[in-house]
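A.B. asks: Quick one, structure for this:
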Amino acid sequence: MNRLPGNLRFLRKRAGMTQGQLAEKIGVQRSMISAYEDGRSDPKLAALEVMASVFDIVIDELLFWDIESNGRRYLQQNKLKILTVTLDDQEEEWISMVGAKASAGYLNGYADPEYMENLPNFRLPNLSKDKTYRAFEISGDSMLPLMPGTLIIGAYLEHGMEIKNGKTYVLVTKSEGIVYKRVFNYIAEHGKLFVVSDNDRYKPYDIPIEEVLEIWEAKAYVSAHFPDPSSGPLTIEDLGKMIREVQQDIRKISGS
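C.D. replies: Residues are numbered from 1 along each chain as shown. The predicted model follows:
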């Protein structure tokens, strides 16, 4: 089923563009955008390619996926992202470490094999061998009791829809850089992830899924600091309260 009319209208409105503005970007008359959105005309391949570039989306997602109902299908511009990893002599994957000072360079070099080979590599026992892992050094105090300098070991996720509400993830993003937060999945409803700090001094905020380059589900951490017992672990009651507060914030954002 051709989903282009609904997808085009939804993406254009979400981007805050008029039909005239989109027509100018694509190089067609405004009336053609109206015809595309009404299903009265189909764009040529060249116009489809420009649309895909404008909305940072792949063509088959634009044509055949109900984005408004189901959220974005793919995180990256390519349907399947080829993740760059480093291997030992036995062809087994290392855990590459992205230190705090290397985080800015990682945004440009994460797909470069030469860059990845120059990162420190190590291995941890008891991790499933069917996943790819990466270590990220966190900075700041937004995720107390984990202290600055802690290494978060994350398992790579291919799609944002795999995110489980309230779990912690490392997000590699275009605008925010590398962040470690508790994440809530609102891709289907709003095309966004809602991120929350465990330190309530920091306000939650949302990240459009188009901004996300990589998602790593936190599986372990390595730290030279023992957590303060007085802070205690996050309880089910704490998590329930956090979810309710996130839902209230989402409703405020949606209504604004």
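A.B. asks: Geometrically speaking, which residue is the centre of this protein?
C.D. replies: By C-alpha atoms, centre = their mean, the chain has its centre lying nearest to residue 212, at 3.2 Å.
A.B. asks: list the contacts for it?
C.D. replies: 75, 160, 171-174, 193 (C-beta atoms under 8 Å, 6 or more residues apart in numbering). Quick note: C-beta positions are derived from backbone N, CA and C, even for glycine.
A.B. asks: I figured residue 59 hits residue 50, correct?
C.D. replies: No: in this structure, residue 59 is not within contact of residue 50 by C-beta atoms under 8 Å, at 10.6 Å.
A.B. asks: These two: who's more crowded?
C.D. replies: Set side by side, residue 59 and residue 50 show more neighbours around residue 50, with 16 against 13, by other C-beta atoms under 10 Å.
A.B. asks: What's the separation between that one and residue 57?
C.D. replies: 12 Å (C-beta to C-beta, to the nearest Å).
A.B. asks: how many neighbours does residue 113 have?
C.D. replies: 11.
A.B. asks: give me the low-pLDDT residue ranges for the protein?
C.D. replies: Applying pLDDT under 70 to the chain flags the ranges 1, 72-82, 188, 227-240, 250-256.
A.B. asks: repeat that for 50
C.D. replies: 76-80 (pLDDT under 50).
A.B. asks: coming back round to it: looking at the contacts of residue 212, spot the one nearest residue 102.
C.D. replies: residue 172 (12.3 Å; C-beta to C-beta).
A.B. asks: Can you tell me the element the closest residue in space to the closest one that isn't next to it in sequence falls in?
C.D. replies: Nearest residue to residue 172, sequence neighbours excluded (C-beta to C-beta, 6 or more residues apart in numbering): residue 214, at 3.9 Å. Residue 214 belongs to strand 212-222 when assigned by DSSP states H and E.
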